[in-house]
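Chemist: Here is my input, please return the structure:
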Amino acid sequence: MQFQNIPIHPLLKGHIEKMWLFKSSGRALNNDIKLIVPSGRIKIALPFRNGIVAEVDGWSHFTKEHSITLVGLFDMPSTMDIATDSASGTICAEFSPHGAYRFFHLQLSDLRNRFFSLTDILDNTAKHLEEQIANTESIEGKASLFQQFLLKRFLKQNEDPIFEYCVEKIKSSEGKITIKELEKKTGYSSRWLNMKFTEKLGVSPKNLASIIRFKQYYEMLCDNKQKKSVSKNFYNYYYDQSHFIKDFKRFTGLTPTTLEKKVNDFGKIFYNV
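Modeler: Okay, here's the model as predicted:
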C-alpha cells in the first residue's frame, strides 16, 4: 500500500486540507479490520483502478472504477476496502471542516454518515468529468482534471466568515472551546450556530468539537513512536476516563483495550496520510 500527497492549488489551500493518491497491488491482510475513524473532513474520492467498497452502520456503498463518490462528514466508524483483490488506485480530496460548503451548494447534513455518487448530486457535470478522467491515461492528468473541477466549483461560492471563524476556533482549541464561548465571541446564539453548522458542515459545533478532540488522541495512538506515552494523555482532552471511553466507543465502535489487540494498519495509514 502506498499513499502519496498531491500538491494543492494555491487558491484551494486551507479549504482543501489534503489531496492524496493511493495505490496498492491488492487488498490488505485478511486480519486487518480496515477501520476508518471520523476525522472531521468531508471527502470526494475517485477510484481510477479497481473499485471501492465502504460500509457504515450496516449500510454499504460501492464505487466502481472511474466513478466519483462524495463522502459526508462521519461521526461514527466505518470500514473501507478495494472491491477486488487486484491492483488499485484512488485519488481523493479531503476538505477542511470549513471548506466543503464552498464547493457544494447543498444541505450538508443530508450527507452525514453517508456516501453519494456525485452523478446523483451534479448529474451531467459529474458524468462529463468522469468521462474526461476515464479517457485520460496518466495519473497526473487525472489528478489535474479532478483539481480543475474543484477549483471551478470553489470560485462560484461565496464565503461565510462567521462560520469559518467558528470552525477555526474549534480546531485551534483542539475541540475544547464551548458553545457558550463561541456565542460570546461571535454575538450569535447557539441556535443560530447550530443551524449554520448543520447546513454548511452536516453536524453541530459541539459534535465537531468532539470529533476534533478525539482526533488529537487518536493521531497519537496511530503513531507507533508515541504509543507507549499515550495511555494517560486522554486527560488532556476529557473530564475523566468514563467520558473518554464513551467517545472512544462512539468513534471506533470498540473499547481502547479491544482496538489495541486488533490489526488496523490500513485504517491508520488512511487516517494519517
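Chemist: Could you check the pLDDT of F234?
Modeler: On pLDDT, F234 comes in at 67.
Chemist: could I have the helix ranked longest in the chain exported to CSV, CA atoms only?
Modeler: Assignment by DSSP state H gives helix 205-222 as the longest helix of the chain. What follows is helix 205-222, C-alpha atoms only, in CSV (Å, rounded to 0.1, in the frame of the first residue of the first chain):
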residue,chain,number,x,y,z
PRO,A,205,-20.4,22.7,16.5
LYS,A,206,-20.5,20.6,19.7
ASN,A,207,-20.3,17.4,17.6
LEU,A,208,-17.4,18.8,15.5
ALA,A,209,-15.6,19.7,18.8
SER,A,210,-16.0,16.1,20.0
ILE,A,211,-14.5,14.7,16.7
ILE,A,212,-11.6,17.2,16.8
ARG,A,213,-10.9,16.5,20.5
PHE,A,214,-10.8,12.7,19.9
LYS,A,215,-8.7,13.3,16.8
GLN,A,216,-5.9,14.6,18.9
TYR,A,217,-5.7,11.4,20.9
TYR,A,218,-6.3,9.0,18.0
GLU,A,219,-3.5,10.6,16.0
MET,A,220,-1.1,9.8,18.8
LEU,A,221,-2.5,6.3,19.1
CYS,A,222,-1.7,5.7,15.4
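Chemist: what residues does it touch?
Modeler: Contacts to helix 205-222, defined as Cβ atoms under 8 Å, 6 or more residues apart in numbering, come from residues 37-40, 75, 97, 166-167, 170-171, 173-177, 179, 182, 193-194, 197, 201, 203, 226-227, 229-230, 233-234, 236-238, 244, 247-248, 251-252, 268, 271-272. In short, each C-beta sits where N, CA and C put it, glycine included.
Chemist: List the ones among the residues you listed that fall in helices.
Modeler: Per DSSP H, the contacts of helix 205-222 map to helices at 166-167, 170-171, 179, 182, 193-194, 197, 244, 247-248, 251-252, 268, 271-272.
Chemist: Show the buried residues in these.
Modeler: Buried residues within these, counting neighbours by 16 or more other Cβ atoms under 10 Å: 166-167, 170-171, 179, 182, 193-194, 197, 244, 247-248, 251-252, 268, 271.
Chemist: Spell out the residue ranges of the strands in the stretch 1-150 of the chain.
Modeler: 2-5, 16-24, 35-36, 43-49, 52-56, 59-63, 69-71, 78-82, 88-95, 115-117 (DSSP state E, counting those that start in this stretch).
Chemist: Any chance of those strands in JSON lines with mean pLDDT, mean neighbour count and distance to F146 as columns?
Modeler: Converted to JSON lines, those look like this (pLDDT from 0 to 100; neighbours: other Cβ atoms under 10 Å; distance: least, Cβ to Cβ, whole Å):
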{"stretch": "strand 2-5", "mean pLDDT": "90", "mean neighbour count": "12", "distance to F146": "14"}
{"stretch": "strand 16-24", "mean pLDDT": "95", "mean neighbour count": "19", "distance to F146": "8"}
{"stretch": "strand 35-36", "mean pLDDT": "94", "mean neighbour count": "21", "distance to F146": "21"}
{"stretch": "strand 43-49", "mean pLDDT": "96", "mean neighbour count": "21", "distance to F146": "6"}
{"stretch": "strand 52-56", "mean pLDDT": "94", "mean neighbour count": "19", "distance to F146": "15"}
{"stretch": "strand 59-63", "mean pLDDT": "93", "mean neighbour count": "15", "distance to F146": "14"}
{"stretch": "strand 69-71", "mean pLDDT": "96", "mean neighbour count": "24", "distance to F146": "13"}
{"stretch": "strand 78-82", "mean pLDDT": "94", "mean neighbour count": "20", "distance to F146": "19"}
{"stretch": "strand 88-95", "mean pLDDT": "96", "mean neighbour count": "22", "distance to F146": "6"}
{"stretch": "strand 115-117", "mean pLDDT": "94", "mean neighbour count": "19", "distance to F146": "16"}
